[in-house]
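> Fold the stuff below for me.
(one chain, ligands or ions: 1)
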Amino acid sequence: MKNLLHLKKYLFRYRKNLVYGIACIIFTNIFAVLAPRYIGAAVDLMGESFTMDMILRKTGLYVLFAALSGIFLFLVRQNIIVASRKIEFDLKNDYYAHLQTLSRSFYNNTSTGELISRGTNDLNAVRDFLGPGIMYSINTFFRLFFAVIAMLLISPQLTLFALIPAPLLSYSVYRIGKSMQKKTRSIQESYAGITNLVQENISGIRVIKSYTRENEEIERFRKLNEEYYDKNLSLAKLQAMFFAFLTALLALSLIPVIWMGGINFIEGTMTIGDIAQFVIYVSMLSWPIISIGWVTNIIQKAASAQTRLNEIFNAKPDITDSTATEPPKEQSTSLLSFRNVSFSYPGNETHQVLDGISFDIAKGSKVAIVGATGSGKSTLVNLIPRIYDPLKGSILIGGRDIRTIALSELRSRIGFVPQTNFLFSETIANNINYGNKNEETDMVIEASRIASLYEDVMGFPDKFETMLGEKGINLSGGQKQRTCIARALAWKPEILVLDDALSAVDTSTEATIFKALLEKLPDTALLLISHRISTVKNCDTIIVLKDGVIAESGSHDELLAKNSLYAELYNQQLLEDEISSLN
Ligand SMILES: Nc1ncnc2c1ncn2[C@@H]1O[C@H](COP(=O)(O)OP(=O)(O)OP(=O)(O)O)[C@@H](O)[C@H]1O
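Just a heads-up that it's a prediction; the model follows:
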């Protein structure tokens, strides 16, 4: 329950709405409880000599009070339900904004379906508590308070009889509600499973098709969908029983009132009007009494939903932004320096992915990183924009430890093209211009020219305004990679990192892009991860990684002269090229 305390700042923010809402609850109940008095009086008049005028006056007053109660009820909803929607709006924004702050390691351990389910189902449960939950709790309190006073004024004995079934009514609703809640939770879990499957299948549609697994995937979906359907049906059955049971229980709760009221009438201690008034009060109390059980469930559901939301809200980014403006650690002529950097992934500390990495990169120099798959190349470059922080050692830019540079500044100096590219369902121009706040068409064109993308784009009917499908599905693999490179170039970076970002581009296009980079961006330092020696050999320095350690480094010629790892890689590729040219 204490998890719900997280909401107090939101409740405080909309305190005006809540206070007005509570005031309106008091008024709606005062008028609602006063109204039946006029029905009682009208019924009593009918036992005496009366005129239509007298009856009309009483019923007119009833209508007036009922209308006033209705107006205040409308204002209650206007204030409390509207406040709950505003809080839901703020919570959703805060949830999404918080997700944006979390580090890569958080996303490594949390599935997308889980995050979507928390941001929708759990948030809805919390909203139900803030709106109907709070509204019905306060309403129940005041309705009981005023109605019971009115009933006690007529007959304390009959009040006691009228309230006898109340605890049973509340408890039954609570128990059945609990069971409904369990079923609802299970439905939500099924739904999250379906969401995950659909999302994964649509993203992986190419793999599914190429392995002709369509029927298996359809069957997998059918099974999950069937499970979802069965669970929904079971809940619908329980709900149908629940409402039938409630109606019966409500009808039964009137029996003691009519029975005791009848005795009192015969004894002459109560009038028919009193009994009519009482019956109205009992009916009037039935929903608030039911809502005690219902609201208890809403609160419990909201408490567990808020616990799950708090797990996300309390998750802290591993990478914290720096506001420090420390002076440079060392007077450096290098743009980028690694100083004895070691790293292992969170949760897998026994596996040292990088060990004692040290090197320097000067402004404008072109450096390649090569090595066998899994040797730690991507991990190394991921440390530069602080996707992860090193466990030991430090990384410096212009002599400043990157942990002391504001993340926005650090990342604005780096153009990063990761191994797995990602494009938004937007126009090509907007994708290239993604990192830049101002539209600069010239820059988009220039970047696409350097990335050898310009001619391709000009061939599309809508040119730069061509809309991309999800993840750029309507582009070829090479076009996607080049669009991602253009996006990084449009950022005008000091350091450009290409992590195997040209793997889907043919050798001659790769060479053209490399040449353009040299010509157009002479001051940009390039860190290029590639398995293709034909490109790598043109770099000023080549760093060869082996099992997370720098095995050797130097220029192409120097490394060939060493006749070690790099030479082996080179000879192997020469051989592969020869074999493929023979085929
Ligand atoms: N998110 C992660 N969590 C845990 N371990 C990881 C993670 N990413 C990579 N690794 C591990 O770190 C090691 C280095 O991976 P990395 O991706 O840096 O290699 P790489 O040299 O870039 O390989 P490739 O050439 O295949 O891209 C591998 O053993 C890999 O299994």
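> For the lowest-mean-pLDDT helix or strand in the chain, buried residues please.
One helix or strand of the chain scores below all others by mean pLDDT, DSSP states H and E: helix 565-582, with a mean of 80. Buried residues in helix 565-582, counted by 16 or more other C-beta atoms under 10 Å: 565, 566, 569, 570. (Glycine included, C-beta is placed from N, CA and C.)
> isn't the first one right up against residue 547?
No: shown here, residue 565 and residue 547 do not form a contact pair, counting by C-beta atoms under 8 Å, at 11.3 Å.
> where do the strands sit along this protein?
336-343, 354-361, 366-371, 392-397, 400-401, 414-417, 495-499, 525-529, 541-546, 549-554 (DSSP state E).
> So which of those is nearest the ligand?
Among these, strand 366-371 comes nearest to the ligand, with 5.7 Å by C-beta to the nearest ligand atom.
> average pLDDT for that closest one?
Mean per-residue pLDDT for strand 366-371: 93.
> So residue 171 is in contact with residue 293, correct?
Yes: in this structure residue 171 lies within contact range of residue 293 using C-beta under 8 Å: 6.6 Å.
> higher neighbour count, these two?
residue 293 (20 against 13; other C-beta atoms under 10 Å).
> low pLDDT regions in the stretch 251-400 of the chain?
Counting by pLDDT under 70, the stretch 251-400 of the chain contains low-confidence residues at 323-332.
> residues from it in reach of the ligand?
Within the stretch 251-400 of the chain, the positions near the ligand by C-beta under 6 Å from any ligand atom are 345, 348, 353, 371, 373, 374, 375, 376, 377, 378, 379.
> Turn those residues into a markdown table, including distance to residue 81 and neighbour count.
Converted to a markdown table, those look like this (distance: C-beta to C-beta, whole Å; neighbours: other C-beta atoms under 10 Å):
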| residue | distance to residue 81 | neighbour count |
| --- | --- | --- |
| 345 | 47 | 14 |
| 348 | 48 | 9 |
| 353 | 52 | 19 |
| 371 | 60 | 23 |
| 373 | 57 | 8 |
| 374 | 55 | 12 |
| 375 | 59 | 20 |
| 376 | 55 | 23 |
| 377 | 55 | 25 |
| 378 | 50 | 19 |
| 379 | 50 | 19 |
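> Can you pull the domain assignment for this protein?
Per automatic domain parsing, the structural domains of the chain span 2-313, 328-413+497-583, 419-492.
> chain center to the first one: distance?
Put simply, domain 2-313 sits 26 Å off its chain's centre (C-alpha atoms, centre = their mean, to the nearest Å).
> What are the buried residues along stretch 220-235?
Neighbour count says stretch 220-235 has 224, 227, 228, 231, 235 buried, by 16+ other C-beta under 10 Å.
> Which of those residues sits closest to residue 403?
Taking C-beta to C-beta as the measure, residue 403 sits nearest to residue 224 out of the buried residues of stretch 220-235, at 44.9 Å.
> Not counting its neighbours along the chain, what's nearest the residue of the stretch 201-350 of the chain found nearest the ligand?
Of all residues in the stretch 201-350 of the chain, residue 345 sits closest to the ligand, at 3.5 Å by C-beta to the nearest ligand atom. Spatially, and ignoring its direct neighbours in sequence, residue 345 is nearest to residue 353 (6.4 Å; C-beta to C-beta, 6 or more residues apart in numbering).
> Residues of this protein that sit close to the ligand?
So far as C-beta under 6 Å from any ligand atom goes, the chain lies against the ligand at 108, 345, 348, 353, 371, 373-379, 419.
> can you list the residues you listed in TSV and add distance to residue 122?
Below are the residues of the chain next to the ligand laid out as TSV (distance: C-beta to C-beta, whole Å):
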residue	distance to residue 122
108	22
345	29
348	30
353	35
371	44
373	40
374	38
375	42
376	38
377	39
378	34
379	34
419	34
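> For those residues, work out which two are farthest apart.
108 and 371 (22.5 Å).
> now for the least confident helix or strand of the chain, which elements pack on it?
Packing partners of helix 565-582 (3 or more C-beta pairs under 8 Å, 6 or more residues apart in numbering; DSSP states H and E): helix 533-536, strand 541-546, strand 549-554, helix 556-562.
> what's the most buried one of these?
strand 541-546 (a mean of 22; mean count of other C-beta atoms under 10 Å).
> got the CA coordinates for that one in CSV?
Extracted C-alpha coordinates of strand 541-546, given in CSV (Å, rounded to 0.1, in the frame of the first residue of the first chain):
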residue,chain,number,x,y,z
THR,A,541,46.4,3.0,-37.8
ILE,A,542,44.9,-0.4,-37.4
ILE,A,543,44.2,-1.8,-33.9
VAL,A,544,43.9,-5.6,-33.8
LEU,A,545,41.9,-6.9,-30.9
LYS,A,546,42.1,-10.5,-29.6
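> okay but residue 317 is in contact with residue 100, surely?
No: the criterion here is C-beta under 8 Å, and residue 317 misses it with residue 100 at 9.7 Å.
> Counting neighbours around each, name which of these two comes out higher.
It is residue 317, of residue 317 and residue 100, that has more neighbours when counted by other C-beta under 10 Å, with 15 against 7.
> Tell me who's in contact with that one.
101, 102, 103, 106 (C-beta atoms under 8 Å, 6 or more residues apart in numbering).
> where does the second one land on pLDDT?
Just to be clear, that refers to residue 102. Taking residue 102 on its own, its pLDDT is 91.
> Name the nearest residue to it, sequence neighbours excluded.
Closest residue to residue 102 apart from its sequence neighbours, by C-beta to C-beta, 6+ apart: residue 317 at 5.4 Å.
> Kindly report the same for residue 382.
Residue 382's closest residue in space is residue 388 (C-beta to C-beta, 6+ apart), at 5.8 Å.
> Could you pull out the buried residues of stretch 253-260?
Neighbour-count burial for stretch 253-260 [16+ other C-beta under 10 Å]: 253, 254, 256, 257, 260.
> With stretch 67-80 instead?
68, 69, 72, 73, 75, 76, 79, 80.
> Same check on stretch 192-204?
Neighbour-count burial for stretch 192-204 [16+ other C-beta under 10 Å]: 192, 193, 194, 195, 196, 197, 201.
> Can you tell me how far the second one is from residue 200?
Look at residue 193 and residue 200: by C-beta to C-beta, to the nearest Å, they are 11 Å apart.
> For the residue in the stretch 451-583 of the chain that the ligand sits nearest to, give me its contacts.
Closest residue of the stretch 451-583 of the chain to the ligand, C-beta to the nearest ligand atom: residue 500 (6.1 Å). Going by C-beta under 8 Å, 6+ apart, residue 500 touches 377, 378, 419, 529, 530, 531.
> other SSEs contacting the longest helix anywhere in the chain?
When the chain is parsed with DSSP state H, its longest helix is helix 214-267. Applying 3+ C-beta pairs under 8 Å, 6+ apart, one finds that helix 214-267 contacts helix 156-163, helix 166-203, helix 272-313.
> which of the residues in stretch 33-48 are buried?
Residues 33-45 are the ones in stretch 33-48 that count as buried (16+ other C-beta under 10 Å).
> Quick check: residue 274 touching residue 261?
Yes: counting by C-beta under 8 Å, residue 274 sits close enough to residue 261 to count as a contact (7.5 Å).
> out of the two, which sits in the more crowded spot?
Neighbour count, other C-beta under 10 Å: between residue 274 and residue 261, residue 261 has more, with 25 against 20.
> Identify the residues contacting the one residue in the stretch 101-250 of the chain that gets nearest to the ligand.
Here the residue of the stretch 101-250 of the chain nearest the ligand is residue 108; by C-beta to the nearest ligand atom that distance is 5.0 Å. Listed by C-beta under 8 Å, 6+ apart, the contact partners of residue 108 are residue 346.
> Show only the entries of the residues of the stretch 251-400 of the chain next to the ligand found in helices.
377, 378, 379.
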